[in-house]
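Student: below: sequence and its predicted model.
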Amino acid sequence: MNYAMVLDYQNCINCKACEVACKEQNGVQLGADKQRIWVSTYENSIFGNPFVAFHPSQCNHCVDAPCVSVCPTGASYFAEGGLVMANKDKCILCKGCMEACPYDARFVDDKYVAVDKCTFCFDTRISKGETTTACQATCPTKVRLFGDLDDEKGELVQLLKKRKFFVLKESEGTVPKLFYLFPEKDTSFAENSIGKGTTIHTWESYKPVIDKAVAMRRKS
């Protein structure tokens with residue numbers, strides 16, 4: 001298995017239901033700065049007409065995760081399904097993983113005095129037989145889709161085969177597994193809302209990147 005998530009970000013209405021569901025399901029500490037998942041707001045204009053784009057985000061569960069390689073105690077590690085996890089009992093709060101993460105996806109949980117992050121609800125849902133995350137289950141506009149990149153016939157891979165997509169901060173070389181669908185009908189909005197220099201991928205162009213990174217990780 002190789003868990004990942006697809007986001008049809010143009011459907012996001014910033015209702016915060018995903019953030020609330022995540023906190024409730026996973027016992028995340030209260031507070032706006034204590035978030036396993038969040039929605040970023042991006043403002044721009046097209047020919048003088050302002051617009052706002054919402055970008056749901058969380059840990060990208062990168063194949064080549066710098067947070068894992070920098071951790072001195074093994075508190076950050078790769079788990080089943082290629083998930084990037086954080087062991088609170090081993091964390092010494094050096095914050096090296098927080099500095100190494102290009103996505104600012106980690107925060108300090110004051111209850112445990114340790115780093116916390118998104119786990120794709122593995123410990124609270126997936127390992128107990130649920131098929132999706134709390135954030136996907138609660139989203140009213142169907143922004144998120146959780147699935148297995150190794151399942152060629154699965155809904156997630158089938159969607160990536162049909163739609164173009166991009167990943168965030170690709171230049172960091174982390175091979176993230178959070179895929180943002182490129183809008184099919186409003187390319188003008190999309191091109192302005194994702195920023196310059198972002199590569200638009202197809203499944204055929206990105207699959208070799210994933211496979212190479214996975215092979216390198218297993219070898220190391």
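Tutor: That came through, no problem. Residues are numbered from 1 along each chain as shown.

Student: where does the residue positioned nearest the centre of the chain land on pLDDT?
Tutor: Closest to where the C-alpha atoms of the chain average out (C-alpha atoms, centre = their mean) is N60, at 3.3 Å. pLDDT recorded at N60 is 97.

Student: quick one: contacts for it?
Tutor: By C-beta atoms under 8 Å, 6 or more residues apart in numbering, the residues touching N60 are 103, 105, 167-168, 174, 176-178. Where C-beta positions appear, they are placed from N, C-alpha and C, glycine not excepted.

Student: ok so it is a strand residue?
Tutor: No. Counting by DSSP: H, G, I helix; E, B strand; the rest coil, one finds N60 to be coil, located in no strand.

Student: among the contacts of N60, which lie within strands?
Tutor: Among the contacts of N60, the members found in strands (DSSP state E) are L178.

Student: looking at the contacts of N60, which one is closest to C12?
Tutor: L178 (13.4 Å; C-beta to C-beta).

Student: circling back: including neighbour count, could the contacts of N60 go into TSV?
Tutor: As requested, those are exported to TSV (neighbours: other C-beta atoms under 10 Å):
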residue	neighbour count
Y103	18
A105	24
V167	20
L168	19
T174	24
P176	24
K177	24
L178	22
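
Student: quick check: the two most widely separated of the contacts of N60?
Tutor: The largest separation in those, counting by C-beta to C-beta, is between A105 and V167 at 13.6 Å.

Student: which one among the contacts of N60 gets closest to T131?
Tutor: The closest of the contacts of N60 to T131 turns out to be K177 (C-beta to C-beta; 17.4 Å).

Student: hang on, that closest one packs against H61?
Tutor: Yes. Applying C-beta atoms under 8 Å, one finds K177 in contact with H61, separated by 4.9 Å.

Student: anything in contact with each of the two?
Tutor: With C-beta under 8 Å, 6+ apart as the test, K177 and H61 both reach 3-4, 82.

Student: most neighbours, which of the residues you listed?
Tutor: Neighbour count (other C-beta atoms under 10 Å) singles out A4 as the most crowded of those, with 25 neighbours.

Student: now for whichever strand or helix holds it, which elements pack on it?
Tutor: Using DSSP states H and E, A4 sits within strand 3-7. Using 3 or more C-beta pairs under 8 Å, 6 or more residues apart in numbering; DSSP states H and E, the elements in contact with strand 3-7 are strand 144-148, helix 155-162, strand 178-181.

Student: what's the closest of these to Y42?
Tutor: Closest to Y42 of the helices and strands packed on strand 3-7, according to C-beta to C-beta: strand 178-181, at 11.8 Å.

Student: give me the contacts around that closest one.
Tutor: By C-beta under 8 Å, 6+ apart, strand 178-181 touches 4-10, 55, 57-58, 60-61, 159-160, 163-168, 194.
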